[in-house]
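> Pasting a predicted model and its sequence here:
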Amino acid sequence: MSGIQLVLHSPVAARFGLCLVHFLWQGAALALLAVLLLALLRRASPGPRYLALLLVFAAMALAPVVTYALALAHSSRATTISFASVSPQE
């Protein structure tokens, strides 16, 4: 296997790809939330609208990081469970 194939078939690359796929729907949901917040705050001063969008953008920045951490925790837990389910032969 070449170096690029080793990288692409690694668990880290799989988790990274999972994060990118999940961010598609997470980003769309957060964009919808931003539209709803702007509709609710249309008569408000710019300060609250700016803060609402700033929080949405911060959530967009954190979403892939949280997804990666959850995927990492899930994969390590699944590995532990699979090793624990194999009993040694006596």
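Yes, it's here.

> Helices of this protein, start to end?
3-8, 11-40, 46-84 (DSSP state H).

> Pull the distance from the longest one to the chain's centre.
Mean-position distance between helix 46-84 and its chain equals 4 Å (C-alpha atoms, centre = their mean, to the nearest Å).

> do the shortest one as well
What separates the centre of helix 3-8 from the centre of its chain is 23 Å, taken as C-alpha atoms, centre = their mean.

> ok, residues contacting that helix?
Residues from elsewhere that reach helix 3-8 (C-beta atoms under 8 Å, 6 or more residues apart in numbering): residue 13. No exception for glycine: its C-beta is placed from N, CA and C like everyone else's.

> which regions of this protein lie under the pLDDT threshold?
Applying pLDDT under 70 to the chain flags the ranges 1, 7, 76-90.

> ok, now with 80
Residues of the chain meeting the criterion pLDDT under 80: 1-9, 75-90.

> can you redo the helices of the chain as a markdown table with mean neighbour count?
Shown next, in a markdown table, are these (neighbours: other C-beta atoms under 10 Å):
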| stretch | mean neighbour count |
| --- | --- |
| helix 3-8 | 10 |
| helix 11-40 | 13 |
| helix 46-84 | 13 |
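
> Surely residue 59 and residue 31 touch.
No: using C-beta atoms under 8 Å, residue 59 makes no contact with residue 31, being 10.7 Å away.

> residues in contact with residue 49?
Contacts of residue 49 were listed using C-beta under 8 Å, 6+ apart, and they are 37-38, 41.

> Let's see that with 7 Å instead.
By C-beta atoms under 7 Å, 6 or more residues apart in numbering, the contact set of residue 49 is 38, 41.

> And it, how far from residue 64?
25 Å (C-beta to C-beta, to the nearest Å).

> Ok, residue 43 next?
Distance from residue 43 to residue 64, by C-beta to C-beta: 34 Å.

> How about residue 12?
As judged by C-beta to C-beta, residue 12 and residue 64 stand 14 Å apart.

> What of residue 74?
With distances taken as C-beta to C-beta, residue 74 is found 15 Å from residue 64.
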